[in-house]
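Chemist: Following is a predicted model, sequence given first.
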Amino acid sequence: MNRFCASLGLGLALMASSAMGANFRTVTQSGVTLGGPTLINQQGTELPMPAPLSPTPEIQYSGPAGQLPVVTVSESALFPCVKYRDVRNIAPCAVPVVVQVPDPCACRDRCNPCAPRPCVNVQICVPQNGCPTVCVTRHGNKTRFDYGKYAVDVVSINGKIVVDYDD
């Protein structure tokens, strides 16, 4: 078996080296061109190559690259039952940002556990510059926005949302 594989590999190497030595010359026999990248239709005439596709413009966020986009939401759209803890640990010069978290009042669908949960809006205060590392627990009821020195934990449980600021 080893001799067979070795002879097969040697034969392929010999064919590849002979093809490289031929410099990919085109051979013309009875009007057919071999070796060239041409398309031939049934009548024997060459078809034109298609034009390259132009890239389509994408809609992108036009704000500063290092900041979160700020969502403007009316006060009536914010979830009413929110408790804020350790507000003394809010970063200096923080800006209010509206984030979406799972609705603590909504029940999970036992028939379809992969169905998306409804969300509610909550306002939190985060540092002006920097991009957070967002961590979500497996069940999705706790979200952590980590800005390095400062962090914000948002927990939705038992019909309430608790926002906890850490420094």
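Modeler: Ah, there it is. Because the structure is predicted, anything quoted here is derived from the model rather than measured.
Chemist: Could you list the low-pLDDT ranges of the chain?
Modeler: Residue ranges of the chain with pLDDT under 70: 1-76.
Chemist: who does the host helix or strand of Gln100 touch, helix- and strand-wise?
Modeler: With elements taken from DSSP states H and E, the one containing Gln100 is strand 95-102. For strand 95-102, the contact count by 3 or more CB pairs under 8 Å, 6 or more residues apart in numbering; DSSP states H and E identifies strand 119-126, strand 142-146, strand 151-157 as packing neighbours. (Each C-beta comes from the backbone N, C-alpha and C, glycine too.)
Chemist: Secondary structure class of the closest residue to Asp86 other than its chain neighbours, three-state.
Modeler: Distance criterion CB to CB, 6 or more residues apart in numbering; nearest residue to Asp86, sequence neighbours excluded, is Tyr165 at 4.8 Å. For Tyr165, the secondary structure call by DSSP: H, G, I helix; E, B strand; the rest coil comes out as strand.
Chemist: measure Tyr165 to His139 for me?
Modeler: Going from Tyr165 to His139 by CB to CB, to the nearest Å gives 22 Å.
Chemist: picking up where we left off before, partner strands of the strand holding Gln100, parallel or antiparallel?
Modeler: Next to strand 95-102 in the sheet, as set by DSSP bridges, lie strand 119-126 (antiparallel).
Chemist: ok, residues contacting the partner strand?
Modeler: The contact list for strand 119-126, computed with CB atoms under 8 Å, 6 or more residues apart in numbering, reads 68, 71, 73, 77-79, 82, 90-91, 94-104, 132, 145, 147, 150, 152, 154, 156, 161, 163, 165.
Chemist: The same query, at a cut-off of 7 Å, please.
Modeler: Counting contacts by CB atoms under 7 Å, 6 or more residues apart in numbering, the residues outside strand 119-126 that touch it are 73, 77-79, 82, 90, 94-103, 132, 145, 147, 152, 154, 161, 163.
Chemist: is it true that Asp146 touches Cys131?
Modeler: No. Using CB atoms under 7 Å, Asp146 is not in contact with Cys131, being 10.3 Å away.
Chemist: More neighbours: these two, which one.
Modeler: Neighbours around Asp146 and Cys131, counted as other CB atoms under 10 Å, are more numerous at Asp146. The numbers are 15 against 10.
Chemist: mind listing what that one touches?
Modeler: Per CB under 7 Å, 6+ apart, neighbours of Asp146: 132-133, 135.
Chemist: Kindly recompute the last result at 6 Å.
Modeler: Contact analysis of Asp146 by CB atoms under 6 Å, 6 or more residues apart in numbering lists 132-133.
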